[in-house]
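*Asks:* With the input below, show me the fold.
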Amino acid sequence: MDLQQYYQNIFDSSNKVMEESLQKENELAKIHEFVDDLLKWLIILQPRPESNVLEYVAAELQLSAFSLVSGLYRQAFTSLRLSLELSLGVVFFSANRLELAEWMGGNYDLVWSQLNREHPVLEDLPFLRKCRRK
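*Replies:* Sure, this is the predicted structure:
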């Protein structure tokens, strides 16, 4: 098989998956409604420096949805996980401005283990204390 045919087969398979996926319009609409809601929150939170992270969350969710309907399930999952981590990062950064400034400057990595561990500043937030008790 030549190179052009190889990629044509991938394209055809992806189109078939997309056609089948687009039949599930209600489920796809939920994703887009959620992204629209996030973008509304972005407008409300715009004065706060961590709000910029919500733009990345929305972009990753849109990429996840596109990957899903294209049949690129591993990519869809990866983008979905990144959007979850970044969403939690917004909460983390709202209480940790120094880390936010370092992250935005490329000098800090936001990793799941940091978000998942008990953190003295985050433990002081009432809504997180309630979540930990359950």
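
*Asks:* Tell me which helix or strand comes right after the helix or strand hosting Val35.
*Replies:* Using DSSP states H and E, Val35 maps to helix 25-45. Past helix 25-45, further along toward the C-terminus, the next helix or strand under DSSP H and E is helix 52-69.

*Asks:* which residues are contacting that next one?
*Replies:* If you take Cβ atoms under 8 Å, 6 or more residues apart in numbering as the criterion, helix 52-69 is touched by 17-18, 21-22, 28, 31-32, 34-35, 38-39, 41-42, 45, 73, 75-77, 79-80, 82-83, 86-87, 89-90, 93, 100, 104. C-beta coordinates here come from the backbone N, C-alpha and C atoms, glycine included.

*Asks:* Name the residues of that helix that are buried.
*Replies:* Val53, Leu54, Val57, Ala58, Glu60, Leu61, Leu63, Ser64, Ala65, Ser67, Leu68, Val69 (16 or more other Cβ atoms under 10 Å).

*Asks:* Those into TSV, with extra columns for pLDDT?
*Replies:* Shown next, in TSV, are these (pLDDT from 0 to 100):
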residue	pLDDT
Val53	86
Leu54	89
Val57	94
Ala58	94
Glu60	95
Leu61	95
Leu63	95
Ser64	95
Ala65	93
Ser67	93
Leu68	91
Val69	90
